[in-house]
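A.B. asks: below is the sequence, then the predicted model.
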Amino acid sequence: MSLQKFILRRILASVPVLIGVSIITFGLMQLAPGDVVDHMIAANPNVQPGEAARLRQEYGLHEPIWAQYLDWMQGVLTGDFGEVYSSSRDASAIVRARLPETLLLAAFGWVFAILIAIPGGIYAAINKDQLGDDVSRVFALSGISIPNFWLGLMLMALFAVYLDWFPTLDPQTGLLSREMLWWLILPGITIGTAASANLMRIMRTSMAEEINKEYVTAARAKGLPKRTVYLKHVLRNSLISVTTVAAFLTASLVSGSVVVEVVFGWPGLGRELIQAIQLREINLILIITLLTGVVIVLANLLADIVYGLLDPRIRDEY
Amino acid sequence: MALLEVENLTVKFYTSEGVVTAVDGLSYTIDRGEKFGVVGESGAGKSVTALSLLRLIESPGEIESGSIRFADPDTVTRLEESYPGHVVDVEDLRDEYNREKLVSRFEEADIPATELTDNPRHDDVEDVLAAGKLDVRDLIDRGHATDLGLIDEEAFIVYDGDEQYIDLLRAPEEAVRTLRGNNVSMIFQDAQTALNPVYTVGEQIAEAIRHHLDYDDEEAKQRAIELLDRVGIPDAESRYTDYPHEFSGGMQQRAVIAMALSCDPDVIIADEPTTALDVTTEAKILDLLEELTDEFDTAVQLITHDLGVVAELCDRVMVMYAGQPVEKAPVEELYYDPKHPYTVGLMSSIPRIGDDRERLQTIPGAMPDLIETPSGCSFHPRCPYAEEACKQKEPRMVEFDSESVDRSAKCLEYTDDLDEGVGYTVTVEDERRMNEPVSGDQHE
Amino acid sequence: MSTERGRIRITGFETDHLEEREPDTAREEEYVEPQSMWRRIANRLVRDRLALIGITVVVVMAVTAFLARPITVSGVTVQPFSLAPYDPTATAVGGRHEAPSLSHYMGTDRLGRDLFSRVMVGGRYSISIGLVVTALASTFGVIYGSVSGYFGGWVDSVLMRFLDLVFAFPALVLALILVALFGGGFWPLVGAFVLVGWASYARIIRGEILKVKQNEYVLAAKALGARDQSVLFRHIIPNAIAPVIVQATLSVGTVVIGVAALGFLGIGFDPGTPEWGTILDGERDTLATGDGGSWYWWATVFPGLMIFLFVMSMNMIGDVINDALDTQVDDIGGGG
């Protein structure tokens, strides 16, 4: 099957998943005990219990669930994410302000991870069972064992507080300004470390496996230099399993950003989510959760496409 | 001098379970255009032999000793251009080192003569040299020339009068790489795994062409398409851009053959090329192989366990057992006059219609573990003619004086060490009279 | 050699007497039984230094956590020992934020509580949740994945679709939301992490089952009339279980970090609970105030260090198990 058809089919397959994600997200919120009105009553002394019914009417909470769902989805698809009751802001505004920050953080983490993991993994595989390999394995193992919030705290304590190389607070200049990018480095490294450790291990295993395969011997029997054999023949096959894992890692990057944003005070959606949870801001929780699901589905889609680019056999399977 | 000469090759694998002697003292030659068969059960060391020729043995394996000589004049000339300082002229050496000097060198280096000729009777260097049993050329081939300080360790291009060759085991990796896929190429057993699944078949053929013959992309593609066509793949031009998984098993094997032929090699090593194929496809592939190698005068080292394939394709055969050669013969002689009990056993296990035996004949037991080979003759536990002597004394390869080249067998029978001899009979049955033996040979 | 050509027949290669011959004592072939999977794992674990270190650390941490403070179940004192030098909840046993000393190995926290005792007891939460979650999630995941993989067809399609949905959510975020909305505490945390964790096992076992299903011994068993259930449990699962085991050991670490992360965010356990992540949450603000000299490093370093050590040890064990089960052919067994 041609590449284009393959890509199209994968995109189409993602749509039902996205819909499912939205349904589950919405359903989950509904299951939680208490709703925003209860919370308002408990938190805000100006709101009397007697007003509960009226408030519910006002917020449309008395409607049947499926109607609320459709209502909400309609809003989402038109860019209206609902209202944030506690601060009377627009959820969409918050999302628009915070999403790029989180995306920037995640992107940094991603790039950092790949730049370290791929060469590191290749090196370890080629030097398998020698010192270089052992060292990289210990590094990788530590990388996935370290809790990211602790790593963040340590990095911050050492580099930002003690050595004073980085700021500890939001410089509040534009998103892509030099100060922000500089500030981005510590949280970016924090979030990228676990991902890079994971990727490096997979890269190494995958490549070490491929190197033992017969087509490698055949390629060498043709007189090709080792460099060509590794970088042209082996690498492409090794990257196949790496891609699937890489997509999976997006989920952990997203989760990681929540915690890391809190540690560093990075003004992204993750930090917003925590605040929204504390305030029981359903709409905000809803939209942020939905967005994380969307990001992951998109990442998987991208991985599928890259996989199809790398491995021609897959195109015929789907 | 033959195109390819292997002398006394020994390859060992150092594993955590012990040292596996995969190949032990292997010697054979292949002439230009000749079809040479290597026969044996699995585990006999056949594939290791093939990989050694290309110097593709990797850790934990090591080529311990031996000599592999490749005597194609064009190749020698080509390598001489790239490695001018690595040439040895043997005639010059002979002039330079007379007998006395050689003897003194021997004494300095402390190497006994027995090591050089494999014959325990030759223990005095001087006598050996005087008797003409040892020449400077032999010293170079067996690797002692460097120890004795006669030549540089890196000298791998050898001239000796009319003869010229490359010593493959002493050549640097880059030099050997110019031979791989170019002068010596390989056909792998399982075409499916030998082809890289993520690149097109055409690309994998063109790759070698571009690398060795320095063609540009378009020329290489054209040649690859021609090759695909020549090996019998229909619609070669569109098949060029297909991936391996889009080819059937037989076609994959044809593609692999095309890959091996791409740079017009002098020798093709075919490692069980038809084992993975069904019988009909097998026949076609063998025909193809014969046709192409005859056309281009390519020598073939055919590795197989199938005696039928050998009978059809080969000119000469070597039978291997437990990493050692046990018999060498021209193909007809091997079948009609086998000398080694193992060969006899292989032949007698082939079931025949009209055979009135009740059970299938086999050679009982299994190929021995190559870490701890049996004492004496490695075949003795399974040999019906084995005697006490066989457990104790390792036989040597005995050459038979016959009109044919290189007729030998490794059995104590031929050094007169056996009391009772080997008691088998080879009967040739006339096609018309199935049940009456026409004539026979008795071996007592 | 005869000059006739035609069909060849060999007679005289009699092998019957060979079987009667006594075995060659020079080389005795012992039949070495192929080791079972568990044997191989145990073997590797014992031989590999890293694994040994890992096992030691885990065992030591688990035992000290267990023996740290007395445990009573319905009034019966199950565990009477008290390794922890101080009561982890007792405040002001030392000054506030005292540096580590001989009387307080890890110093004290902001309320003057002995950090060492707290950290010791804190191990209970992390270790127990890690193990319980892994056990439950893997069991459920394996059953789900097995059913899906074995029966195939539309059953598989439906079950896998649902699995895809579960995978679309980031585990930690989902766990976070669940706990935040439904409340914290031990069992809610276990529930949340099981809910987000079972999917990996299901996917793994399904993949393995799809591979194993092709194997002929399955067909053989069926041909002999074995029931589906029996085929599944007695033949397929034991052979497909290897990657699940590896995943389980690696997952314990993930869960421990996850629980600690939630604790760090203030969600999960009540503040003041000596759970490692919660301790970090409580001490977090000391970082900002600390400036050069007055950073109370022990308050943030030690709890996190404990998490790191435990997870690292689990991962080392998991790695070695992975190698043990993965061993295809390391060495060349013979010529060929």
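C.D. replies: Looks like it came in fine.
A.B. asks: chain A contacts on chain B?
C.D. replies: Counting by C-beta under 8 Å from any C-beta of the partner chain, chain B comes close to chain A at B:51, B:54, B:56, B:177-182, B:185-186, B:188, B:190, B:193-199, B:207-208, B:211-212, B:243, B:245, B:256, B:259. Every C-beta, even on glycine, is put in place using the N, C-alpha and C of the backbone.
A.B. asks: among the residues you listed, name the ones in helices.
C.D. replies: With DSSP state H as the criterion, helices contain B:Leu51, B:Arg177, B:Thr178, B:Leu179, B:Thr193, B:Ala194, B:Glu207, B:Ala208, B:His211, B:His212, B:Val256, B:Met259 from among those.
A.B. asks: picking up where we left off before, put the buried members of the residues of chain B next to chain A into a ChimeraX selection.
C.D. replies: When burial is assessed using 16 or more other C-beta atoms under 10 Å in any protein chain shown, the buried subset of these is captured in ChimeraX by this command:
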select /B:51,54,56,177,178,179,180,181,182,185,186,188,190,193,194,195,196,197,198,199,207,208,211,212,243,256,259
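A.B. asks: in space, what's closest to A:Thr228 - neighbours in sequence excluded?
C.D. replies: For A:Thr228, ignoring the flanking residues on the chain, the nearest one in space by C-beta to C-beta, 6 or more residues apart in numbering or on different chains is A:Ala219 at 7.8 Å.
A.B. asks: same question, C:Leu181
C.D. replies: If the residues on either side of it in the chain are set aside, C:Leu181 comes closest to A:Ala32, at 3.7 Å by C-beta to C-beta, 6+ apart.
A.B. asks: could you give the number of residues near that neighbour?
C.D. replies: A:Ala32 is flanked by 16 other residues according to other C-beta atoms under 10 Å in any protein chain shown.
A.B. asks: how about the CA coordinates for stretch A:283-294, as CSV?
C.D. replies: Written as CSV, here are the backbone C-alpha positions of stretch A:283-294 (Å, rounded to 0.1, in the frame of the first residue of the first chain):
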residue,chain,number,x,y,z
ASN,A,283,-14.3,22.8,33.2
LEU,A,284,-10.6,23.4,33.5
ILE,A,285,-9.9,19.9,34.6
LEU,A,286,-12.0,18.6,31.7
ILE,A,287,-10.3,20.5,29.0
ILE,A,288,-6.8,20.0,30.3
THR,A,289,-7.4,16.2,30.6
LEU,A,290,-8.9,16.1,27.2
LEU,A,291,-5.9,18.0,25.8
THR,A,292,-3.5,15.5,27.3
GLY,A,293,-5.4,12.7,25.7
VAL,A,294,-5.3,14.5,22.4
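A.B. asks: tally of neighbours for B:Glu312?
C.D. replies: The burial count for B:Glu312: 16, using other C-beta under 10 Å.
A.B. asks: which helix or strand contains it?
C.D. replies: Secondary structure assignment for B:Glu312, by DSSP states H and E: helix B:307-313.
A.B. asks: that helix - what's its average pLDDT?
C.D. replies: For helix B:307-313, the per-residue pLDDT values average out at 87.
A.B. asks: so which elements touch the next helix or strand after it?
C.D. replies: Remark: after helix B:307-313, the chain's next helix or strand is strand B:316-321, criterion DSSP H and E. Helices and strands touching strand B:316-321, as assessed by 3 or more C-beta pairs under 8 Å, 6 or more residues apart in numbering or on different chains; DSSP states H and E, comprise strand B:35-39, strand B:324-330, helix B:331-336, helix B:341-348.
A.B. asks: surely B:Asp217 touches B:Ile209?
C.D. replies: No: using C-beta atoms under 8 Å as the test, B:Asp217 is too far from B:Ile209 to be in contact (10.0 Å).
A.B. asks: quick check: pLDDT value at B:Leu116.
C.D. replies: Listed pLDDT for B:Leu116 reads 61.
A.B. asks: ah, wrong one, I meant A:Leu199
C.D. replies: Looking at A:Leu199, its pLDDT is 90.
A.B. asks: tell me how far the residue of the stretch 101-250 of chain B found nearest chain C lies from B:Glu291.
C.D. replies: Distances between the stretch 101-250 of chain B and chain C by C-beta to the nearest C-beta are smallest at B:Gln189, namely 10.3 Å. B:Gln189 is 21 Å from B:Glu291, where distance means C-beta to C-beta, to the nearest Å.
A.B. asks: just C:Gly207 next, same as before
C.D. replies: When C-beta to C-beta is applied, the distance between C:Gly207 and B:Glu291 equals 46 Å.
A.B. asks: quick one: the strands in the stretch 201-318 of chain A?
C.D. replies: Shown for the stretch 201-318 of chain A, no strands are assigned by DSSP state E, counting those that start in this stretch.
A.B. asks: can you pull the residues of it lying near chain C?
C.D. replies: Those residues of the stretch 201-318 of chain A that sit near chain C, judged by C-beta under 8 Å from any C-beta, are A:248, A:251-252, A:254-256, A:258-259, A:262, A:273-274, A:277-278, A:285, A:289, A:292-293, A:296-297, A:300.
A.B. asks: filter these down to the buried ones, ChimeraX style.
C.D. replies: The following ChimeraX command selects only the buried members of these, with burial defined by 16+ other C-beta under 10 Å:
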select /A:248,251,252,254,255,256,258,259,262,273,274,277,285,289,292,293,296,297,300
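A.B. asks: for the residue in the stretch 51-200 of chain A that chain B sits nearest to, helix, strand, or coil?
C.D. replies: Per C-beta to the nearest C-beta, the residue of the stretch 51-200 of chain A with the smallest distance to chain B is A:Asp129, at 10.0 Å. In the three-state summary, A:Asp129 is assigned as coil, counting by DSSP: H, G, I helix; E, B strand; the rest coil.
A.B. asks: swap in B:Pro374?
C.D. replies: Secondary structure, three-state DSSP: B:Pro374 is coil.
A.B. asks: quick check, it in contact with B:Pro381.
C.D. replies: Yes: if you go by C-beta under 8 Å, B:Pro374 and B:Pro381 touch, sitting 5.6 Å apart.
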